[in-house]
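*Asks:* kindly generate the corresponding structure for this input.
(chains A and B)
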Amino acid sequence: MTISQDRLARRFATVQTENRAALVTYLAAGDPDYATSLAAVRGLAESGADIIELGMPFTDPMADGQAIQHATRRALEAGQTMDKTLEMVRELRRENNDIPIVLMGYYNPIYRRGVERFVGEAREAGVDGLIVVDLPPEHDDELCLPAAKAGLNFIRLATPTTDAARLPGVLTNTSGFLYYVSSTGVTGGEAPSVERVQAEVDSIRQHSDIPIAVGFGIRTAEQASAIGRFADGVVVGSALVEALANAESREAGVTAVKSLTAELAAALKTARG
Amino acid sequence: MSQTTVPQSLRHGPDDRGFFGDFGGRFVAETLMPLILDLQQEYANASQDPAFAEELSSLSRDYVGRQSPLYHADRLSEHLGGAKIYLKREDLMHTGAHKINNALGQILLARRMGKTRIIAETGAGMHGVATATVAARFGLECVIYMGSTDIHRQQPNVQRMQLLGAKVIPVTAGDGTLKDAMNEALRDWVTNVANTFYIIGTVAGPHPYPAMVRDFQSVIGEEVREQLQEKEGRGPDSLVACIGGGSNAMGLFHPFLDDENVALIGVEAAGEGIDTGKHAASLRGGDPGVLHGNRTFLLQDEEGQISDAHSISAGLDYPGIGPEHAWLHQIGRAEYVSATDREALDAFTLLCRLEGIIPALESSHALAEVIRRAPSLPSDHIMVVNLSGRGDKDMATVTHVLADELGLSQ
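*Replies:* You can find the predicted model right below:
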């Protein structure tokens, strides 16, 4: 895969020239049903999201808080499968060949499908990268290396507990961007301290030029703007999932996702003033 | 995945990445990785420290009540008319099950690591009670995660934990059983990683837990070897134990892995029957997968979604099994069978009436296999079954099912 074909690299280059952070948005594929989910994800792309993270539902989402736990459960109950998640990517790709799409989830559904089969299908569908929470660098041979070989970025998480001794190992096979988890805990938790996150992001930059997106606990335009002043990307997940879930109808949910996305995108455009 | 090779001794696992053959590993979020590496180091240091061994051994004797008796169940043996059956009486240990062996070992490690807060998951509540007990003994804050279904069916244990000062948090996700409690405990751990020690109750989870829990439970098998030598002048012919995650079985089996002539028999919970799909037999009815930090056999569908386990016994109601058992199954060193809810209840009743011992429903699964197997064995065959816990906690469940049959008052 050359850089010109790499949608993630191109997108980060673009936002850099616009002097802003990329807006990275998460929704669970198939929540609350396939059609609504597809409409909501389209809404992300139309409303200013730079990168789409599509959650692959799993019965036991150990790193997720209530919002995403409920979302992935709704998706499974509505019959979401890996086939349907990949089909959703294909549908999105037919309409939009620019926006990077990253699949996020847990290892078992991939392991069960077969790693070689999965990375081939994901690449073919138009997936740009993978985030798999329960695969630390110690297990790079499981999925990270096969994914890279198939032309998929493997986006690793770094956390407040990742010390200087571990960081080089975390960065070694990471590509696309580094996902900095702003707080210890699960998704949808407390808002992080901006000063601490900035110090940690600065210290990671001493080791690598890879774009750094910050996520976990970022819900509002104000918080996104504060993080967007220094991070290359800002990830919002649980707040969007809740916007979709808490609306009075499915249509209203899609509208709510779009308006929150637009608000976040606008905040990032002006964050660096 | 690495090729499975069988080393000369079967007792040297896992390798430095935590694998027993293809099984095990450290499949956890990055947030937990540094802590797990610390824990591995601290456990290695403690294992070499005579002071740690001395403290553990002294508390095991004076606080837990070790060693546990090895009791010749002569009425049961006579009734079945075959093998000579011994019961390893873990049910007589403090808190009423083998779980205390591991809880004690881990809390001593937690203290070495300077952790001030203890969390644990529990199914039947025995591990929760054991953890709450040692937390009280050492004055540490304690939070226990327990599925809401299990809270309902093991009420006395919930009250015991609360009495001991632990906070019991009900988990309503999924089916509200052990798997869901473990997810929630992992979420707590990842959030409070700085001050919290997670005492996992079975030989599962990320490396080094499967090896560490096994080591703390191996006192069971070591005592059996010594006690049988004294009583019979020789070792056992077969060892039988029930398996949820597999800690009491591993504790009994591990010291005998290299004794080729000793048959090792693990009994999973077949619930309403393996062909009904309502069971907890991960080896007999599952496939390899990755959950809760390790690769092992799991109950799951074609999509890799985890299925809910079913068993009358809350302690066996788990869709996975410890990775070392998965490996022993794969290389054929141990034999894994299963017993249904009904078979376990029949065994439960039989032991009550013949030996005056009320066994835990978990241990009753092991007894069910003894009932199947013993009659066709010669009278000089020595069979040791791990009576891993006592059945007081199961009175509500048993009364509910057997009241009419046995004329119990309700």
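
*Asks:* chain neighbours aside, what residue packs nearest to the residue in chain B that chain A sits nearest to?
*Replies:* Going by Cβ to the nearest Cβ, chain A is nearest to residue B:304 of chain B, at 3.1 Å. C-betas here are computed from N, CA, C, even on glycine. Ranked by Cβ to Cβ, 6 or more residues apart in numbering or on different chains and with sequence neighbours excluded, the top spatial neighbour of residue B:304 is residue A:112, at 3.1 Å.

*Asks:* for the one you found, list the residues it contacts.
*Replies:* B:287, B:289, B:300, B:302-304 (Cβ atoms under 8 Å, 6 or more residues apart in numbering or on different chains).

*Asks:* quick one on the thing from earlier: hang on, the residue of chain B closest to chain A in a helix?
*Replies:* No: using DSSP: H, G, I helix; E, B strand; the rest coil, the assignment for residue B:304 is coil, not a helix.

*Asks:* next one, pLDDT for it please.
*Replies:* Per-residue pLDDT puts residue B:304 at 98.

*Asks:* where in chain A is pLDDT low?
*Replies:* Applying pLDDT under 70 to chain A flags residues A:1-5.

*Asks:* just the strands in it please.
*Replies:* Applying DSSP state E to chain A gives strands spanning A:22-28, A:51-55, A:101-105, A:129-132, A:153-154, A:157-158, A:178-181, A:212-215, A:233-236.

*Asks:* relative to residue A:73, how far out is the residue of the stretch 101-250 of chain A found nearest chain B?
*Replies:* Proximity to chain B, evaluated over the stretch 101-250 of chain A using Cβ to the nearest Cβ, is greatest for residue A:112 at 3.1 Å. Look at residue A:112 and residue A:73: by Cβ to Cβ, to the nearest Å, they are 18 Å apart.

*Asks:* who in the stretch 1-150 of chain B is up against chain A?
*Replies:* Selection of the stretch 1-150 of chain B residues close to chain A by Cβ under 8 Å from any Cβ of the partner chain yields B:17, B:25-35.

*Asks:* related to what we said a few turns ago, of the strands of chain A, which is nearest residue B:10?
*Replies:* Relative to residue B:10, the nearest member of the strands of chain A by Cβ to Cβ is strand A:129-132, separated by 32.2 Å.

*Asks:* what lines up beside that closest one in the sheet?
*Replies:* Take DSSP bridges as the rule and strand A:129-132 pairs in its sheet with strand A:101-105 (parallel), strand A:153-154 (parallel).

*Asks:* off-centre distance for that strand?
*Replies:* A distance of 8 Å separates the centroid of the chain from that of strand A:129-132, by Cα atoms, centre = their mean, to the nearest Å.

*Asks:* alpha carbons of it, as CSV, please.
*Replies:* Provided in CSV are the C-alpha atoms of strand A:129-132 (Å, rounded to 0.1, in the frame of the first residue of the first chain):
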residue,chain,number,x,y,z
GLY,A,129,-7.4,0.1,9.7
LEU,A,130,-8.2,-2.0,12.7
ILE,A,131,-8.4,-1.3,16.5
VAL,A,132,-8.6,-4.4,18.5
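
*Asks:* show me the shaky parts of chain B.
*Replies:* Checking chain B against pLDDT under 70 turns up B:1-7.

*Asks:* could you list every helix and strand that the longest strand along it packs against?
*Replies:* For chain B, the longest strand by residue count, based on DSSP E, is strand B:263-271. With contacts taken as 3 or more Cβ pairs under 8 Å, 6 or more residues apart in numbering or on different chains; DSSP states H and E, strand B:263-271 sits against strand B:238-243, helix B:247-253, helix B:282-285, strand B:335-340, helix B:341-355, helix B:361-373.

*Asks:* that one to helix B:361-373, inter-axis angle?
*Replies:* Direction vectors for strand B:263-271 and helix B:361-373, defined by axes from the mean of the first three to the mean of the last three Cα atoms, to 10 degrees, enclose an angle of 120 degrees.

*Asks:* what strands flank strand B:263-271, and is each parallel or antiparallel?
*Replies:* Strand B:263-271 has these strand partners (DSSP bridges): strand B:238-243 (parallel), strand B:335-340 (parallel).
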